[in-house]
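Sequence below, structure please.
(2 chains)
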Amino acid sequence: MVKTSNERPQRESMDRRAAVVRLVATRRDGLIVTGLGSPSYDVYAAGDDDRNYYLWGAMGGAALVGLGLALAQPDRRVMVITGDGEQLMAMGSLATIAVAAPLGLDLFILDNEHYGETGMQISHTKRGVDLAAVAAASGFASTAVFQTLTELETFLASDGACAQAGPRLYVLKIATDSPPRALPPRDAVHIKNRFRANLGFSPN
Amino acid sequence: MSETIDPNDRWPHEVYERLKSAGVRHVSYVPDAGHSTLIEAAIGDPTVTTTMLTTEEEGVAIATGAWLGGMRSVLLMQSSGVGNCINMLSLPVQTRTPLLMLVTMRGEWGEFNPWQVPMGQATEASLKAIGVQVVRPDTEADISAAAAQGALMAYEADQQVAVLIGQKLLGKKTW
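Next up, the predicted model:
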């Protein structure tokens, strides 16, 4: 018998595709890493770009790929866009990232409080786990939870010159609907070589 | 706790020089007695960035991201950590991204702690099963050469390589 009494009541949320369009529009020179599943589809739907690195697996790895990239490219902004389930699988990564303290790394958690890829089972965030609070307690430089598109837009508008103030983690509460899938390339070597070529590195 | 390993043993210093020569500029680690000299060398080197991990698979993803950004990373761990890494290793294997892991072995030679035995015995088979190249130096003198050729196969030939440093070479843990 699963207890459900600790589920959070439904609160305001935003459309995931509309939110991601706004995030990507403010990337500046940003490099983007996406977590497997819907975050990869959302970022691809917002516009394919050689500076996007889409994950199709390696659950729990998105923020850490972002950390490695931010350490290697300290002058660039690195945005990780992933889901609540993907980030929950790597709670410890928030401690690792906070201690490593990469200034250019921003994590955006698209939090629908469910596992969308596997049939919309509820996640720990639905039962009260607050990833922004975990990040803040771990030592992130800035964290917040945005409930509405207006809150997100207000933040993004005021954030114009705030890159290199990380690590930062922002939770975007998104609706549970699943927009039509927009599938980025699954050829992992192609995506790697394309991404590296954009930074001036040739394949071996 | 104390170790019979002499911290002045030559191999960690030789390995570190080989890694530097191979262009390694980043080291990830979970604290480990067998790697303590190597970890201290990296932390004390202003030209190398170090990242302390909460669990070993974090280092696999970090190394993949570092390579995307043009930086060579090496991952240090004990054999018990290999089991933590298996699914995350699909990332460098599938993306054909260079990965060099240096693994100190437990559970295979003079082990007093039976809890180290299952993963120690499964380490090499697990790595091979997910597609990682395994290198086992036979003598202490071979460790640095194994690290150097592992680095070459990783960073120049896009392989995922684990150098397993045997418990026989490291000495017995004493308390």
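
just to confirm, which helix or strand has the residue positioned nearest the centre of chain A in it?
Chain A has residue A:81 as the residue nearest its centroid, 2.0 Å off, counting by CA atoms, centre = their mean. Using DSSP states H and E, residue A:81 sits within strand A:78-83.

coming back round to it: who's in contact with the residue nearest to the centre of chain A?
Residue A:81 makes contact with A:20, A:23, A:32-35, A:39, A:42-43, A:108, A:110, according to CB atoms under 8 Å, 6 or more residues apart in numbering or on different chains. Quick note: C-beta positions are derived from backbone N, CA and C, even for glycine.

Now do the buried residues in the strand holding residue A:81.
For strand A:78-83, the neighbour count (16 or more other CB atoms under 10 Å in any protein chain shown) marks A:78-83 as buried.

That one pairs with which strands?
When pairing is defined by DSSP bridges, strand A:78-83 lines up against strand A:31-34 (parallel), strand A:105-111 (parallel).

Put together CSV for those, with mean neighbour count on each row.
Shown next, in CSV, are the strands paired with strand A:78-83 (neighbours: other CB atoms under 10 Å in any protein chain shown):
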stretch, mean neighbour count
strand A:31-34, 29
strand A:105-111, 27
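
Take those strands and lay them out in a markdown table including mean pLDDT.
Shown next, in a markdown table, are these (pLDDT from 0 to 100):
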| stretch | mean pLDDT |
| --- | --- |
| strand A:31-34 | 98 |
| strand A:105-111 | 98 |
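
Around chain B, pick out the residues from chain A.
Residues of chain A lying close to chain B (CB under 8 Å from any CB of the partner chain) are A:31, A:33, A:53, A:55, A:57-62, A:64-73, A:76, A:90, A:92-93, A:95-96, A:99-100, A:188-189, A:191-192, A:195-196, A:199-201, A:204.

returning to that earlier point: show me which of the buried residues of strand A:78-83 is closest to residue B:25.
Nearest to residue B:25 among those, counting by CB to CB, is residue A:78 at 17.3 Å.

For that closest one, give me its contacts.
Neighbouring residues of residue A:78 by CB under 8 Å, 6+ apart: A:30-33, A:66, A:69-70, A:102, A:104-106.

In those, find the pair that's most separated.
Using CB to CB, the contacts of residue A:78 span at most 15.1 Å, a distance reached by A:32 and A:102.

Excluding residues flanking it in the chain, which one is nearest residue B:65?
Leaving aside its sequence neighbours, residue B:65 sits nearest to residue A:68 (CB to CB, 6 or more residues apart in numbering or on different chains; 2.6 Å).

re earlier: need the strands paired with strand A:78-83 in JSON lines (columns: distance to residue B:134).
Below are the strands paired with strand A:78-83 laid out as JSON lines (distance: least, CB to CB, whole Å):
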{"stretch": "strand A:31-34", "distance to residue B:134": "29"}
{"stretch": "strand A:105-111", "distance to residue B:134": "33"}
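
Neighbours of residue 143, how many?
All of this is about chain A. For residue A:143, the neighbour count with other CB atoms under 10 Å in any protein chain shown is 21.

nope, chain B please
Residue B:143 has 25 nearby residues by other CB under 10 Å.

Verify the contact between it and residue B:165 for me.
Yes. Between residue B:143 and residue B:165 there is a contact at 5.9 Å, judged by CB atoms under 8 Å.

picking that back up, looking at the following helix or strand past the strand holding residue A:81 now, give me its mean pLDDT.
Using DSSP H and E, the helix or strand that follows strand A:78-83 in sequence is helix A:84-88. Mean pLDDT, computed over helix A:84-88, is 98.

before we move on, back to that, which of the residues of chain A next to chain B are buried?
A:31, A:33, A:53, A:55, A:58-62, A:64-73, A:76, A:90, A:92-93, A:95-96, A:100, A:188, A:191-192, A:195-196, A:199.

Pull out the buried positions in stretch B:16-26.
Buried residues in stretch B:16-26, counted by 16+ other CB under 10 Å: B:16, B:18-19, B:22, B:24-26.

cool, and stretch A:17-30?
Buried, per 16+ other CB under 10 Å, within stretch A:17-30: A:17-20, A:22-24, A:26-27, A:30.

close enough to count as contact, residue A:188 and residue B:94?
Yes. Look at residue A:188 against residue B:94 with CB under 8 Å: they come within range, at 4.7 Å.

on that earlier part again, beta-bridge partners for the residue nearest to the centre of chain A, please?
Beta bridges link residue A:81 to residue A:34, residue A:108, judged by DSSP bridges.

confidence score at it?
Reported pLDDT at residue A:81 in the predicted model: 98.

Residue B:173 too?
pLDDT recorded at residue B:173 is 58.

sorry, back to before: would you list the buried residues of stretch A:17-30 in CSV and tack on pLDDT?
Shown next, in CSV, are these (pLDDT from 0 to 100):
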residue, pLDDT
A:17, 98
A:18, 98
A:19, 98
A:20, 98
A:22, 97
A:23, 97
A:24, 97
A:26, 94
A:27, 94
A:30, 96
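
and of those, the nearest to chain B?
Of all the buried residues of stretch A:17-30, residue A:30 has the smallest distance to chain B: 12.9 Å, by CB to the nearest CB.

on that earlier part again, report the set of residues contacting both of residue B:143 and residue B:165.
residue B:137.

Who's the closest spatial neighbour of residue 103, skipping the chain neighbours?
Assuming you mean chain A. Spatial nearest neighbour of residue A:103, excluding adjacent residues (CB to CB, 6+ apart): residue A:164 at 4.6 Å.

Actually, chain B is the one I wanted.
Using CB to CB, 6+ apart and skipping residues adjacent in sequence, the residue nearest residue B:103 is residue B:164, 5.0 Å away.
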